[in-house]
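*Asks:* need coordinates for the below:
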Amino acid sequence: MEAKPVYDNYEISGCVKRNDGGGEYVEIAMDGETPDFWTLYGHIDGGGIEAIGDFKSREQAEAVYSRITGLPFSESYEADGRLRLMHAAPALLEALEPYAVMAKNRVHWAYANGDDGELLEQVFSKLLGAYAQATSTPPGAAAVARQIERLVQADFFGEWDSERENPEFVAVEHDIPGRWVTPWSGLDRSQQLRALETHVDWDGFDWVESGVVTRNVIEGKPKERWFEGTGGVQDAITEEFSPAFRISTMSDKPEAAEMAEGQDGRLIRDTTRSLVKAVMLDVWPSIATVVDFGINTQEHYEALYYPLRHGDFTPEQLDAALGKGLILTELVNAATHNPHKGIVFRTGWDGLVLEPEDCHAGGKPACKPSLSDIADSRAEPARPVPCKEKDDGFEL
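*Replies:* Alright, predicted model coming up:
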């Protein structure tokens, strides 16, 4: 965050322009002299004075002072409580930033691991609201800007695995001879996206905010405009820049989620949403997700991780394969970006009796009986369950 000057006090002085033949210069107007303009100055403790702005009239300068301080202009050099609080604001904002970053990261982790993210959002609402009111960028913006700047100014990116369509990249700030040498400007769109995903930690940014900044960088906007659109109401972001954008908004407003074709009007289930968020946050999935998707090893996670991040299959397709090892295996092995071809998935549901909707017409022994079968069947008395005799609650 750029440091802002803290003024101990303010003054307004009338100024005149003079020219002694050697060039034009400005002086404080003398008594009885009509000023050409008025300057609002701020006093910096131990740092002299700084001109805040020049104005056509003293009234305009006083109005700006009032907008800055919330007080009518006074010639007094004693700062009151309100001025002291205002002077402390930059230090307070700087101290607040790491806690705002931590709060946003905690909320993301909660959603990704199936915890109560909404509760955490309520707990941290005042902290995050105060930070958002004080600045137009997300917390951690300065650190993210430095990471992005390092990427776009790197001399080249070393491609460690030439066989992958979207390999890992290592940013280098000086010239080192290498077999694959490509500057940032030489990377194609998908490679630039991959580099931003890999080498920027996005601490303090949610999915929408990181998508906004990624789009701005990819479109070649100058550094001053990288964070344009991250404060207040954000622009619509396509899945190209923020793959988790749609899935994250669905978790916030399930009733507004899109229905998947062929899914009988079902919404994407919580476990699937949890997996998508875990992938986007680069965290290990929750226990329920591990069981439902058969993520038994790191290789199983990577076989889902890379295709999902690159859009080889949609969250709806993934949701349709939840709990179905055979379908999940076929889906993953057909994905272009799966680094573990031939991997087999066995979920925690594969050994269970199939749901009635999954049975073939005519039924099989493994299928549950239909409602009509149950209605037509004869009622049979329940078999008695053997139990030990008890006396006053104690076994004999």
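
*Asks:* for the stretch 251-396 of the chain, give me the ranges with low pLDDT.
*Replies:* Low-confidence segments of the stretch 251-396 of the chain, defined by pLDDT under 70: 251-267, 281-282, 352-396.

*Asks:* at 80 instead, please
*Replies:* By pLDDT under 80, the weakly predicted segments of the stretch 251-396 of the chain are 251-268, 270, 274, 277-278, 280-284, 286, 350-396.

*Asks:* Leu196 contacts Arg150, doesn't it?
*Replies:* No - checked against CB atoms under 8 Å, the pair Leu196 and Arg150 is beyond contact range at 11.4 Å. From N, CA and C alone the C-beta is placed, and that goes for glycine too.

*Asks:* mind checking which of the two has more residues around it?
*Replies:* Taking neighbours as other CB atoms under 10 Å, Leu196 and Arg150 compare with Leu196 leading, 21 against 14.

*Asks:* and what about the closest residue to the more buried one other than its chain neighbours, helix, strand or coil?
*Replies:* In space, and not counting its chain neighbours, Leu196 is closest to Thr214: 5.3 Å by CB to CB, 6 or more residues apart in numbering. Of the three states, Thr214 takes helix according to DSSP: H, G, I helix; E, B strand; the rest coil.

*Asks:* you'd agree Thr214 is up against Leu193?
*Replies:* Yes - the criterion here is CB under 8 Å, and Thr214 meets it with Leu193 at 6.8 Å.

*Asks:* on the C-terminal side of the helix or strand in which Leu128 is found, identify the next helix or strand.
*Replies:* For Leu128, the element it lies in under DSSP states H and E is helix 125-134. The C-terminal neighbour of helix 125-134 among helices and strands, as given by DSSP H and E, is helix 141-152.

*Asks:* packing partners of that following helix?
*Replies:* Judged by 3 or more CB pairs under 8 Å, 6 or more residues apart in numbering; DSSP states H and E, helix 141-152 is in contact with helix 189-199, helix 207-218.

*Asks:* which one of these lies closest to Gly46?
*Replies:* Closest approach to Gly46 among these (CB to CB): helix 207-218, 36.7 Å.

*Asks:* three-state assignment of the closest residue to Leu308 other than its chain neighbours?
*Replies:* Excluding its sequence neighbours, the residue lying closest to Leu308 (CB to CB, 6+ apart) is Val279, at 5.1 Å. With three-state DSSP as the basis, Val279 sits in helix.

*Asks:* what's near enough to touch Val279?
*Replies:* Val279 sits next to Ala244, Leu304, Tyr305, Leu308, Arg309 when contact means CB atoms under 8 Å, 6 or more residues apart in numbering.

*Asks:* and the residues you listed, which two are furthest apart?
*Replies:* The widest separation within the contacts of Val279 (CB to CB) is 14.1 Å, between Ala244 and Leu304.

*Asks:* of the two, which one has the most company?
*Replies:* Higher neighbour count among Ala244 and Leu304: Leu304, with 29 against 25, using other CB under 10 Å.

*Asks:* I'd say that one and Leu275 touch.
*Replies:* Yes - if you go by CB under 8 Å, Leu304 and Leu275 touch, sitting 7.0 Å apart.

*Asks:* could you report the neighbour count for Lys341?
*Replies:* With neighbours defined by other CB under 10 Å, the count for Lys341 comes to 10.

*Asks:* repeat that for Phe55.
*Replies:* Phe55: 17 surrounding residues under other CB under 10 Å.

*Asks:* ok, the one 5 residues further on next?
*Replies:* Residues lying near Gln60 (other CB under 10 Å) number 16.

*Asks:* from Leu304, how far off is the residue nearest to Leu308?
*Replies:* Distance, Val279 to Leu304, by CB to CB, to the nearest Å: 7 Å.

*Asks:* need the longest helix for this structure.
*Replies:* For the chain, the helix with the greatest residue count under DSSP state H is helix 81-112.

*Asks:* and the pLDDT for the residue nearest to Leu196?
*Replies:* Per-residue pLDDT puts Thr214 at 87.

*Asks:* who touches the helix holding Leu128?
*Replies:* Taking contacts as CB under 8 Å, 6+ apart, the residues outside helix 125-134 that touch it are Ala89, Leu93, Leu96, Glu97, Tyr99, Ala100, Ala103, Lys104, Pro139, Gly231.

*Asks:* so which pair among those residues is furthest apart in space?
*Replies:* Pairwise distances across the contacts of helix 125-134 (CB to CB) peak at 21.0 Å, for the pair Ala89 and Lys104.

*Asks:* more crowded one of those two?
*Replies:* Remark: of Ala89 and Lys104, Lys104 carries more neighbours, 25 against 12, as counted by other CB under 10 Å.

*Asks:* and that one, what does it touch?
*Replies:* For Lys104, the contacting residues are Phe124, Leu128, Pro138, Pro139, Gly204, Phe205, Asp206, by CB under 8 Å, 6+ apart.

*Asks:* looking at those, which gets the smallest pLDDT?
*Replies:* Minimum confidence in the contacts of Lys104 sits at Asp206, scoring 76.

*Asks:* may I have the phi/psi pair for it?
*Replies:* Asp206 adopts backbone torsions of phi -90, psi -180, taken as degrees, to the nearest 10.

*Asks:* now the nearest residue to it once chain neighbours are set aside: how far from Pro138?
*Replies:* Leaving aside its chain neighbours, Asp206 sits nearest to Lys104 (6.5 Å; criterion: CB to CB, 6+ apart). Look at Lys104 and Pro138: by CB to CB, they are 7 Å apart.
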